[in-house]
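J.: Following is a predicted model, sequence given first.
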Amino acid sequence: MKIYITIVVLGVLPSILMAQRYPQSTPIIGWDSLEHLMVYPEICRRGGIEGAAFVIGVVDSIGRIDTLEIHANMKSFEKSVHDAIIQTKWQFSRTQKSYIHFNVHFFLSGENHLNVEAKSAKISVDY
């Protein structure tokens with residue numbers, strides 16, 4: 001059984017409130033394709049490390065990320081999420097900015113919990 005706990009860091013709260021003034025944006029390629037762009041860091045997979053990232057950002061009037069904050073329990077997870085988000089084109093409004101706000105979960109699955117090599121890496125996005 002997995003239990004996910006979302007912690008709101010006080011430093012992130014102003015960004016959330018600021019971004020929510022704008023309409024929510026979605027990736028033009030779709031959420032499933034965005035998941036596939038994210039790579040489970042090999043060092044984390046081999047170490048059996050699972051984690052999560054909290055993402056908030058603002059999309060400019062041409063569909064690119066203007067402001068981006070990623071908070072994760074490991075820098076490797078932050079880099080994977082950052083690289084996928086930056087190369088993605090987002091739906092936008094020509095009259096105002098829009099925002100993105102979602103969680104990314106990195107987890108391992110497999111029948112043999114002792115054999116990290118046999119586990120497959122999974123990534124899911126909650127939007």
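T.: Received it, and whenever you're ready, just let me know what you need. Not measured: the values here are computed from a predicted model.
J.: and the longest strand anywhere in the chain, what other elements does it pack with?
T.: Taking DSSP state E as the criterion, the chain has its longest strand at strand 98-109. Here strand 98-109 is seen to pack against helix 13-19, strand 51-59, helix 75-86, strand 120-126 when contacts are counted using 3 or more Cβ pairs under 8 Å, 6 or more residues apart in numbering; DSSP states H and E. Any C-beta I mention is one placed from the backbone N, CA and C, and that applies to glycine too.
J.: Rebuild these as TSV, extending it with mean neighbour count.
T.: Output for those, formatted as TSV (neighbours: other Cβ atoms under 10 Å):
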stretch	mean neighbour count
helix 13-19	14
strand 51-59	21
helix 75-86	18
strand 120-126	14
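J.: I'd like to know which of the ones you listed is closest to residue 25.
T.: Residue 25 lies closest to strand 51-59 among those, at 4.5 Å (Cβ to Cβ).
J.: low-scoring stretches of this structure, by residue?
T.: 1-21, 110-120, 127 (pLDDT under 70).
J.: was I right about residue 66 contacting residue 85?
T.: No - here residue 66 lies out of contact with residue 85, judged by Cβ atoms under 8 Å, at a distance of 11.8 Å.
J.: Find residues that contact each of the two.
T.: Listed as contacting both residue 66 and residue 85 by Cβ atoms under 8 Å, 6 or more residues apart in numbering are residue 57.
J.: For residue 60, which non-adjacent residue is closest in space?
T.: residue 66 (4.2 Å; Cβ to Cβ, 6 or more residues apart in numbering).
J.: Much appreciated, bye for now.
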